[in-house]
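In: Quick one, structure for this:
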Amino acid sequence: MTEQKIRVLLAKPGLDGHDRGIKVIAAAFRDAGMEVIYTGLRQTPPMIVDAAIQEDVDAIGISILSGAHMTLFPAILEELKKKDAEDILLFGGGIIPEEDKKALEEMGVAKIFTPGAPTEEAIKFLRDAVANRKRKDNIM
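Out: Numbers count the residues shown, from 1 in each chain. As a prediction, this is how the structure comes out:
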């Protein structure tokens, strides 16, 4: 039995046009054997969630450097809930203060990475988190 590849959708929500970091992450995930769908800049929460559902992804990763993280992450979580897609893991990165990082993780964001986090850390996190979710799904 071959292990199914992790499918991850990466997006840049809002008006933030700084995409170098997310492109580095996309390449690292791809090089680690994951299937990566990058939706590009200026995505809205509904666009991100609709694409994630259409692409049947395991996870959504978003990058926010604009300071709108306390608006955009909750909006994506709400869209996932509204579309009965809460099984899709949401994680992200950007310039996010520690207190906001904790608040977002309490809301349901699986993990927040800040600048300087090694790509290996993100790869390991995603592999472990998706495997844990799939194990839980098989138990239930």
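In: Now name the helix or strand holding the closest residue in space to Met70 that isn't next to it in sequence.
Out: Distance criterion Cβ to Cβ, 6 or more residues apart in numbering; nearest residue to Met70, sequence neighbours excluded, is Asp100 at 5.9 Å. In this view, the C-beta of every residue, glycine as well, is placed from N, C-alpha and C. In the assignment (DSSP states H and E), Asp100 maps to helix 98-107.
In: Next secondary structure element downstream of that helix?
Out: strand 111-113.
In: residues making contact with that next one?
Out: With Cβ atoms under 8 Å, 6 or more residues apart in numbering as the test, strand 111-113 has contacts from 91-94, 96, 101, 104-105, 121-122, 125, 129.
In: mean confidence for it?
Out: Averaged across strand 111-113, the pLDDT comes to 97.
In: Tell me the strands beside it, with direction?
Out: Applying DSSP bridges, strand 111-113 is found paired with strand 89-94 (parallel).
In: between the partner strand and helix 98-107, what angle do the directions make?
Out: 170 degrees (axes from the mean of the first three to the mean of the last three Cα atoms, to 10 degrees).
In: any idea how far strand 89-94 is from the chain center?
Out: 4 Å (Cα atoms, centre = their mean, to the nearest Å).
In: One more: stretch 123-140?
Out: 14 Å.
In: Quick check: buried residues in it?
Out: Applying a neighbour-count criterion of 16 or more other Cβ atoms under 10 Å, one finds 123, 125-126, 129-130, 133 buried in stretch 123-140.
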